[in-house]
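Participant: only geometry, no sequence info:
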């Protein structure tokens, strides 16, 4: 099964359990169910190269999006969402603010007001995660991630290192998706495509090397090395 479909099925199953289980009393209860179901199915949540300790807590964003956009159960699951997934609602609201406003100072003030503090690297990463997951699961067709990143840097220039890291992830994601869809079939095309995305980001530094792209292809898309061994210049034994 395609790894995206497998992850989606796990999250749909978890929602079924949450709606049937009247004993859910905390976010930790939901995280435990998520972890159990991923492990039972022999896979992991959506992640980049690193495997953070709070991986399953971050996957509450995915769970929220699948419930609202994939299953359309926002009303049916209102109690669960309002009690336990309020942070995820805020991350989504912040992502929409960043995408749809062009005044950096107003954007900054609105997001600081939303979280009652200036967002740190963790919060900004989760805001970006909302948008990339919407694209990954097909809940949105338009790629709005570059706009989000550009506006994020304008609103929070002190977090340039964070935006640069997210840009690296975004470029690798886009290149990986193009390889998966057979839009990139050789190294030269991959380089041109990668640089074009960097230009689209208007100079935000954060260009991934081929080893990083290979790891994203594996962790996010479940692609075997045979698919990209003639496109990426990497040590195949380590990919």
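Facilitator: Structure received. This is a predicted model, so every value here is computed, not measured. Numbering: from 1, shown residues only.
Participant: which helices and strands sit right next to the longest helix seen in the chain?
Facilitator: In the chain, taking DSSP state H as the definition, the longest helix is helix 160-180. Here helix 160-180 touches helix 121-136, helix 145-155, helix 187-200, helix 210-221, going by 3 or more Cβ pairs under 8 Å, 6 or more residues apart in numbering; DSSP states H and E. In short, each C-beta sits where N, CA and C put it, glycine included.
Participant: what sits up against the shortest one?
Facilitator: It stands for helix 145-155. Helix 145-155 is contacted from outside by 95, 98-99, 101-102, 104-105, 107-108, 111, 124, 127-128, 131-132, 135, 159-160, 163, 166-167, 170, 197, 200-202, 204, using Cβ atoms under 8 Å, 6 or more residues apart in numbering.
Participant: Would you mind saying which of the helices and strands packed on helix 160-180 lies nearest residue 68?
Facilitator: helix 121-136 (10.1 Å; Cβ to Cβ).
Participant: Enumerate every residue touching residue 76.
Facilitator: Residue 76 touches residue 19, counting by Cβ under 8 Å, 6+ apart.
Participant: correct me, but residue 84 touches residue 28?
Facilitator: No: using Cβ atoms under 8 Å, residue 84 makes no contact with residue 28, being 9.5 Å away.
Participant: Would you mind telling me which of the two has more residues around it?
Facilitator: residue 84 (22 against 12; other Cβ atoms under 10 Å).
Participant: any idea what sits nearest the residue nearest the centre of the chain, other than its immediate chain neighbours?
Facilitator: Centroid-nearest residue in the chain: residue 129, 3.3 Å away (criterion: Cα atoms, centre = their mean). Nearest residue to residue 129, sequence neighbours excluded (Cβ to Cβ, 6 or more residues apart in numbering): residue 61, at 5.5 Å.
Participant: Quickly find the element holding the one you found.
Facilitator: helix 55-65 (DSSP states H and E).
Participant: and the angle from that helix to helix 121-136?
Facilitator: Relative orientation of helix 55-65 and helix 121-136, computed by axes from the mean of the first three to the mean of the last three Cα atoms, to 10 degrees: 50 degrees.
Participant: for helix 55-65, packing partners?
Facilitator: Looks like helix 55-65 contacts helix 3-20, helix 27-40, helix 86-100, helix 121-136 (3+ Cβ pairs under 8 Å, 6+ apart).
Participant: okay if I get those helices as CSV plus mean pLDDT?
Facilitator: Output for the helices and strands packed on helix 55-65, formatted as CSV (pLDDT from 0 to 100):
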stretch, mean pLDDT
helix 3-20, 96
helix 27-40, 97
helix 86-100, 97
helix 121-136, 98
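Participant: Point out the most buried one among those helices.
Facilitator: Among these, helix 121-136 has the highest mean neighbour count (mean count of other Cβ atoms under 10 Å), at a mean of 21.
Participant: hmm, who's touching it?
Facilitator: Taking Cβ under 8 Å, 6+ apart as the rule, helix 121-136 contacts 4, 46, 58, 61-62, 65, 69, 88, 91-92, 94-95, 98-99, 115, 119, 139-140, 143-145, 148-149, 152, 156, 159, 161-163, 166, 169-170, 173, 220.
Participant: Specify the angle between it and helix 145-155 in degrees.
Facilitator: Helix 121-136 runs at 160 degrees relative to helix 145-155, counting by the same axes, to 10 degrees.
Participant: Any regions of the chain where pLDDT drops low?
Facilitator: 1, 235-239 (pLDDT under 70).
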